[in-house]
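Trainee: Predicted structure and sequence below. I'll ask about it afterward.
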Amino acid sequence: MADEERRRALKMMGAISVTCMFPYEADELYGQHVHEEGKPAPLPPVRVFHPAEFALISRVSDLIIPATDTPGALGAGVPFYIDSVCAASEPLLLVMRRGLEWLAGTGFPKMDEAGQIRVLTELSAGAETGGDREPERFWRAIKSMTTDGYYTSKIGLRDELGYKGNTVLDRFPESTIREH
């Protein structure tokens, strides 16, 4: 799937996504932190993942949402978001650790990009057909956290989706859908 097609599909999922399943308050979402205009938020320390695990998370999230005309998952700080979510959930951390171990065992870190995409595409196909092995659970978890982290970040929410915040409208736009 081309980067733009993948980005469009993930944008749609991100616009619909509500992060109800994660064990923290809504104001803890990365994109809702107050930042000084023009200054990026400082990156938090990595809390639960070892450097090799964090590098794999970074690579996979970058392949899920690569940079295009806007920054991708890496630019939005998604690997730090994933680390934060996993620090709050021992069961999720276990799913991630087992999946990362499996992924490293495939030789993924040493593959070229085409090989890495091939591995993730096969993993995605298995997860979409209802597979429930550890690799499929890992794929669903990292894909979900990547899209949630990206589309709740300033880059995903404002730059990519164009969210303007709590703005006042002088009128509501009319629906162009006949049924409404």
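Mentor: Now that the structure is in, tell me what you want to look at.
Trainee: Tell me how many other residues surround Gly131.
Mentor: Using other CB atoms under 10 Å, Gly131 is surrounded by 15 other residues. Using the backbone N, CA and C atoms, a C-beta is placed for each residue, glycine as well.
Trainee: quick one: what helix or strand has it in it?
Mentor: Element membership of Gly131, judged by DSSP states H and E, is empty: it is in no helix or strand.
Trainee: Quickly note the distance from it to Arg158.
Mentor: 35 Å (CB to CB, to the nearest Å).
Trainee: where along this structure do the helices fall?
Mentor: 3-16, 51-64, 78-87, 90-105, 113-128, 134-151, 154 (DSSP state H).
Trainee: so how far is the fifth one from its chain's centroid?
Mentor: Going by CA atoms, centre = their mean, to the nearest Å, the spacing between the C-alpha centre of helix 113-128 and its chain's C-alpha centre is 16 Å.
Trainee: can you check the second one too?
Mentor: Taking the mean C-alpha point of helix 51-64 and that of its whole chain, the gap between them comes to 11 Å (CA atoms, centre = their mean).
Trainee: Give me the angle between it and helix 134-151.
Mentor: 70 degrees (axes from the mean of the first three to the mean of the last three CA atoms, to 10 degrees).
Trainee: Same check on the third one?
Mentor: Counting by the same axes, to 10 degrees, helix 78-87 points 120 degrees away from the direction of helix 134-151.
Trainee: which residues of this structure score low on pLDDT?
Mentor: 1-3, 5-41, 169, 172-180 (pLDDT under 70).
Trainee: what about the residue lying closest to Pro79 once chain neighbours are set aside, distance to Gly130?
Mentor: Among residues not flanking Pro79 along the chain, Ser58 sits closest, at 4.4 Å (CB to CB, 6 or more residues apart in numbering). For Ser58, the distance to Gly130 (CB to CB) stands at 28 Å.
Trainee: Those two - which one has more neighbours?
Mentor: Counted by other CB under 10 Å, Ser58 and Gly130 do not tie: Ser58 has more neighbours, with 17 against 7.
Trainee: hang on, isn't that one packed against Phe80?
Mentor: No. The pair Ser58 / Phe80 is not scored as a contact, 9.4 Å apart, by CB atoms under 8 Å.
Trainee: gap between the most centrally placed residue in the chain and Met96?
Mentor: Closest to where the C-alpha atoms of the chain average out (CA atoms, centre = their mean) is Thr146, at 1.1 Å. Distance, Thr146 to Met96, using CB to CB: 12 Å.
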